[in-house]
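>>> 3D, please:
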Amino acid sequence: MTLSLPATRVRRWQLPLLASNEVRLFLTSGTLLFVELLLIRWIPANVTYIGFFSNFLLMASFLGIGVGILLGRSGRRLPFSPFALLLFAVVVLVYQAKLNVQIQSQDELFFGLAENRSADVNFLVLPLVVVLVAALMATLALPLGPLFRSMPPLKAYAIDIGGSMAGIAGFTALSAGGTNPVLWFAVVAVLLALLALANGVTIWSAVSGAAMIGILFGSIVNAGFGDLWSPYYRITHYIPADGLNRINVNGIPHQAIWPVADTRKEEFYEQVFRWFPGRTFENVLVVGAGSGSDTAIQLAHGAGHVDAVEIDPQIQRLGKELHPDHPYTDPRVTPINNDGRAFLRNTDKQYDLVVFALPDSLTLVSTTANIRLESFLFTEQAFASVRDHLSPNGVFILYNYYREPWLVAKLSGMLQETFGTPPLVRIWNNVKAAMADGPAVAALNGGPPPGDAVDPLPQVGAPDPRPATDDWPFLYLRQPFIAPYYLVTLAFLLLGAVLAVAGAARLTQTPLRRFSPHFFVMGVAFLLLETRSLVSFSLLFGTTWIVNALAFFAILASVLLAIFVNARFPIRRPTVLYAGLFVSLAIAFLLPPESLLIEPAWLRYALAAALAFAPVFFANLVFSYSFRDTKTADMAFASNLLGAMVGGALEYLALLTGYRALLIVVAVLYALAYVFATRWRRLADVELAREDSRLEAPATPEPAL
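I've put the predicted structure just below:
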């Protein structure tokens, strides 16, 4: 080890192997992404309703990193990073306060709201968590500014992306392995130790070490004996006084493992056999098979073969181990771990009965989109896919606790539109319902089924529920709208961002002219483009965690490719890059993802990759072209991150317009970015014209933000 004495007169011990700026930047970027994913995964598992707003955590991360870069411009080095102390405070708060949010809305459903019995605080818990996450990320991002300024911009950007990919790969591997937060925090402790050795260890570093020990101790104590961690949930298995095996996910009661002979189970499980008494379904598909109760019931009624599709591998494993009827080990059952829509797309089998067995997920697919695991199961196009897989006398049935009459009416209308026949409907206590349609129902010619009665559709009045589609896959919205609590929280977040950026700029004497409108607008546009690309891949290849991880990883890989192209083949004028971007956006708009649902799968994958990633690649070419010639790489990067935060807020426009229309917003934003870079340069963008400049020239002090 070597000993160095920085200007702060605090003794620092550095490990030479880690002390180079390149290694420090790689470690810092990797740690940032690992911690970001950890927070987005861990906080919703303990603060239930944050799981429905995890994109707010992403926006908070962007804000924190941007503010951290600003604060790092002062050049002052703290004796130790306050990150570990802040993280300790967050761990204590999340584990001990048992915070939850009560959300009331008649036009938007949050499955899990009625089941959770935790103490409700109020909606201010979401802004509180957002502030804490932003503060955490800011303290971790403090070294980024000086590190970006210490080397050529494209080199710094490439190292940053490489570190980010390493952080993503590391956390993805841990999630795939079913590890729990104890190991996640242990990895953070190792990463912080490496950063300390790279930046310089001081006697004050013991404070961070003690805080991390406290975090590890707290995570061990609160780990939850027997809790399982799947790529989607924190899963708790327990047996209450009623003697049933029950499963909670993220603290919400999710499902019970019902023996077939138990008469207490819900009426809807066997409703299809009441409508069609004595009928045997030879080939059955159960989507959302969970722990196996629906599959066991089908076997008990004589099913010849059941394909049981469940997206969560840990829940499926619990069913194999705990279900008293052992449906998953029956030779007539094929357990399948996949997304239901993806399975339907990749099979040519015909089924006599297709069951959508309570497939409400209680979680979002991506942190950049309001897409849940089951969103693409409940669209008109998905119902059409079920129709195409039904035998000539087949039946499609779905059931759940729908809670709102308008949701029953919405699904019934979608079934009638798809099958051309009014569905059979049975409703219990105004909250539970079963609905069936298909050729067997059409064969009744509008008459009653041979067995049990049907109920009339509930009268819900105006406005009529809008059917969910692949472009607007929002089953739990009655009509396109953005709820007031979203708008209030977004306004709070944006106002807080303005105040935080202004305060950081004033503290560091950063003049307003260092802000880049060009990079800011590109940040807004790219977040929206990334969101739309991830949604497209979820539709085409399934809403599984591996599809989402690989798609996000591929987006970062396209960033590295764009950096290589700009470094290896310098382009003098950006017009050709913007032209390629606008052409690729136009093609993506004219050929929506659902038009690519073709076979064979390899051709679908190739076309989808080209359609989804061509705009992303050209957008990265545009960004790296401008970033190559910036004089203040740190401020350009900070401006871009703050723009990404605003892009996260604008993503909620999809609730009104659908995801396809976001491409129009993206095109307008990139047109504005082009104007800022070439025709109407303001603030820091003036210096984009000096392509031969690499170092920041002295400037006359200007008023801070």
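
>>> how deep is Asp388 tucked in, by neighbour count?
Asp388: 10 surrounding residues under other C-beta atoms under 10 Å. (Each C-beta comes from the backbone N, C-alpha and C, glycine too.)

>>> and what of the one 4 residues further on?
Applying the criterion other C-beta under 10 Å, we find 10 residues in the vicinity of Pro392.

>>> what about it, which helix or strand?
Assigned by DSSP states H and E, Pro392 belongs to strand 390-401.

>>> what does Ile161 give?
Applying DSSP H and E, one finds Ile161 within helix 153-176.

>>> show me what counts as buried in that helix.
By neighbour count with 16 or more other C-beta atoms under 10 Å, helix 153-176 contains the buried residues 153-172, 174-175.

>>> was I right about Ala557 contacting Met165?
Yes: between Ala557 and Met165 there is a contact at 7.3 Å, judged by C-beta atoms under 8 Å.

>>> doesn't Asn248 fall inside a strand?
Yes: counting by DSSP: H, G, I helix; E, B strand; the rest coil, Asn248 falls inside a strand.

>>> in contact with it, which residues are there?
By C-beta atoms under 8 Å, 6 or more residues apart in numbering, the contact set of Asn248 is Ile235, Thr236, Tyr238, His254.

>>> beta-bridge partners for it, please?
Beta-bridge pairing of Asn248 under DSSP bridges involves Thr236, Pro253.

>>> separation between it and Tyr233?
As for Asn248, its distance to Tyr233 is 9 Å (criterion: C-beta to C-beta, to the nearest Å).

>>> how about Trp204?
From Trp204 to Tyr233 the distance is 39 Å (C-beta to C-beta).

>>> could you do Asn222 as well?
Taken as C-beta to C-beta, the span from Asn222 to Tyr233 is 17 Å.

>>> with neighbour numbers in mind, choose between these two.
Each of Asn222 and Tyr233 has its neighbours counted (other C-beta under 10 Å); Tyr233 has more, 26 against 16.

>>> now that one: closest residue in space that isn't a chain neighbour?
What sits nearest to Tyr233 in space, not counting adjacent residues and going by C-beta to C-beta, 6 or more residues apart in numbering, is Val249, at 4.0 Å.

>>> run a quick neighbour tally on the one you found.
For Val249, the neighbour count with other C-beta under 10 Å is 25.

>>> one more: Pro463?
Count around Pro463 with other C-beta under 10 Å applied: 11.

>>> now it: closest residue in space, sequence neighbours ignored.
With sequence-adjacent residues excluded and distances taken as C-beta to C-beta, 6+ apart, Pro463 is closest to Gln479, at 5.3 Å.

>>> name the nearest residue to Leu424, ignoring sequence neighbours.
Leaving aside its sequence neighbours, Leu424 sits nearest to Ala436 (C-beta to C-beta, 6+ apart; 4.5 Å).

>>> wait, is the one you found part of a strand?
Yes: Ala436 forms part of a strand when assessed by three-state DSSP.

>>> and the pLDDT at Leu662?
Here, the pLDDT recorded for Leu662 equals 92.

>>> how far away is it from Leu669?
10 Å.

>>> next one: the residue nearest to Ile235 when sequence neighbours are not counted, what pLDDT does it get?
Sequence neighbours aside, Leu228 is the residue nearest to Ile235 in space, at 4.3 Å (criterion: C-beta to C-beta, 6+ apart). The score at Leu228 is 86. That number is its pLDDT.

>>> Leu228 against Ile247, yeah?
No: applying C-beta under 8 Å as the test, Leu228 and Ile247 come out as separate, 9.4 Å apart.

>>> show me the beta-bridge partners of the residue nearest to Leu424.
Ile397, Leu424.

>>> give the contact list for it.
Contacts of Ala436 by C-beta under 8 Å, 6+ apart are Gln271, Val272, Trp275, Val395, Phe396, Ile397, Leu398, Pro423, Leu424.

>>> let's see that with 7 Å instead.
Neighbour list for Ala436: Val272, Trp275, Val395, Phe396, Ile397, Pro423, Leu424 [criterion: C-beta atoms under 7 Å, 6 or more residues apart in numbering].
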